[in-house]
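Visitor: I need the structure of the sequence given here:
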Amino acid sequence: MVKFSEIESSPKTRPSHKDASQKEAETAAPLAPEDFYYEGSNLVFTAAYHRKRGYCCNSGCRHCPFDRPSIDD
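Guide: Sure thing, here's the model as predicted:
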């Protein structure tokens, strides 16, 4: 019988956020010139980039082409 504490401490039960982000970064395609521009020192992603990515990250991106729930809802 497996104890609950063993499941919680097992590194294989749940990948960390860092592991998921690293895997996504390794499989991501390099940025194309139409994917972003600089505004001062900030990198701004275009709608073309967001469409290539294929989903909304819910970060309130300026050029997000996806429908997001309204704050007033």
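Visitor: what about the strands in this structure?
Guide: Along the chain, the segments classed as strands by DSSP state E run 36-39, 42-45.
Visitor: what sits up against the last one?
Guide: In other words, strand 42-45. Residues from elsewhere that reach strand 42-45 (Cβ atoms under 8 Å, 6 or more residues apart in numbering): Asp35, Phe36, Tyr37, Tyr38, Cys61, Arg62, His63. Quick note: C-beta positions are derived from backbone N, CA and C, even for glycine.
Visitor: Just the buried ones out of these, please.
Guide: Buried by 16 or more other Cβ atoms under 10 Å: Asp35, Phe36, Cys61, out of these.
Visitor: ok, the last one - contacts?
Guide: Contact analysis of Cys61 by Cβ under 8 Å, 6+ apart lists Phe45, His50.
Visitor: on that earlier part again, and the buried ones among the contacts of strand 42-45, which is closest to Ala48?
Guide: Asp35 (6.0 Å; Cβ to Cβ).
Visitor: what's the nearest residue to that closest one if we skip its chain neighbours?
Guide: Counting by Cβ to Cβ, 6 or more residues apart in numbering, Tyr49 is the residue found nearest to Asp35 once chain neighbours are left out, at 3.8 Å.
Visitor: ok, that neighbour touching Tyr37?
Guide: No: judged on Cβ atoms under 8 Å, Tyr49 makes no contact with Tyr37 at a distance of 10.2 Å.
Visitor: For the buried ones among the contacts of strand 42-45, give me CSV that also has distance to Asp67 and pLDDT.
Guide: Output for the buried ones among the contacts of strand 42-45, formatted as CSV (distance: Cβ to Cβ, whole Å; pLDDT from 0 to 100):
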residue, distance to Asp67, pLDDT
Asp35, 21, 95
Phe36, 22, 95
Cys61, 13, 90
